[in-house]
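**Q** Fold the following for me, if possible:
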Amino acid sequence: MKIAIAGGRREADFLIGSLLKKKHNVIAMNEDREWCEHMAETHQTPIICGDPRKEYVLRDARIEGFDVIISLMPEDYDNLGICQMARQLFSVKKAVCIVSNPHNVEIFGKLGISNVISATYLVSTIIEQASTFENLVHALSLEEGRVSIIEILIEPHFACIGKALSELKLPVNSIVACVIRNIDMLVPNGQTSLRLNDKLILVASPDVQDKAIAALNAKVL
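**A** Sure thing, here's the model as predicted:
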């Protein structure tokens with residue numbers, strides 16, 4: 001997949017590394033020259049130094065027809081503007097952004113943003129069912145790096161198929177917050193049994209997220 005990342009610092013660094021490991025084509029845009037130079041040295045991917053709120057910067061990044069844009073700017077209205085420009089002017093298929101104000105989650109969704117993520121919204125309400133990246137585990141590190149939200153598609157080789165959540169050895173500070181099954185959204189409990197093609201929303205602290213993913217995909221001994 002072709003994925004553009006606008007703004008962000010630690011979140012963008014995390015996403016770039018994660019997506020490149022999965023062999024996706026990634027380009028990042030940021031107006032902080034020092035950050036851009038560091039990212040260019042750290043990751044083998046194009047880094048555009050410029051304000052992604054400007055149309056010409058998106059054009060310089062050559063995001064025309066990209067599969068996804070992820071906007072991680074500090075201000076909610078900037079994220080909305082970037083996503084709308086990407087979709088309307090550059091035909092980017094899906095737009096994802098984070099928001100500081102949880103009230104903007106529903107509003108931005110109605111304005112055409114595919115996924116809108118707020119850590120506050122996540123813990124206070126159910127997660128909106130929205131377009132997803134197929135066959136991709138993706139994560140956003142939120143709240144200054146203290147919360148990671150990871151979407152996982154349960155594939156045929158996953159050992160957790162047919163098991164109740166209470167049977168899984170998920171580490172402390174991790175939880176399956178939501179199960180999307182076909183067109184239904186489930187708020188799971190310990191007795192919820194996982195099925196093939198379920199989409200899970202896993203919430204974890206960054207230091208245990210890999211262990212939590214491994215627990216879902218652990219081989220049967």
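
**Q** Quick check: next helix or strand after the lengthiest helix in the chain?
**A** If you go by DSSP state H, the chain has its longest helix at helix 76-90. Next in sequence after helix 76-90, counting helices and strands by DSSP states H and E, comes strand 94-98.

**Q** Parallel or antiparallel, which strands does that next one pair with?
**A** Take DSSP bridges as the rule and strand 94-98 pairs in its sheet with strand 68-71 (parallel), strand 115-117 (parallel).

**Q** where among these is the average confidence lowest?
**A** Between the strands paired with strand 94-98, the one with the least mean pLDDT is strand 115-117; it has a mean of 68.

**Q** Do a quick rundown of the strands in this protein.
**A** For the chain, the strands defined by DSSP state E cover 2-6, 25-30, 47-49, 68-71, 94-98, 115-117, 138-142, 147-153, 174-181, 184-186, 199-204.

**Q** Now do the first one against helix 76-90: the angle between them, please.
**A** Put plainly, it is strand 2-6. Relative orientation of strand 2-6 versus helix 76-90 (axes from the mean of the first three to the mean of the last three C-alpha atoms, to 10 degrees): 140 degrees.

**Q** what's the average pLDDT for strand 2-6?
**A** Rounded mean pLDDT across strand 2-6 is 94.

**Q** which residues sit against it?
**A** Residues from elsewhere that reach strand 2-6 (C-beta atoms under 8 Å, 6 or more residues apart in numbering): 12, 15-16, 19, 24-30, 52, 58, 61, 63, 65-73, 79, 82, 86, 92. Quick note: C-beta positions are derived from backbone N, CA and C, even for glycine.

**Q** what's the answer for stretch 57-72, then?
**A** Applying C-beta under 8 Å, 6+ apart, the external contacts of stretch 57-72 come out as 1-8, 11-12, 15, 27, 29, 46, 48, 50-52, 78-79, 82-83, 85-87, 89-98, 133, 140.
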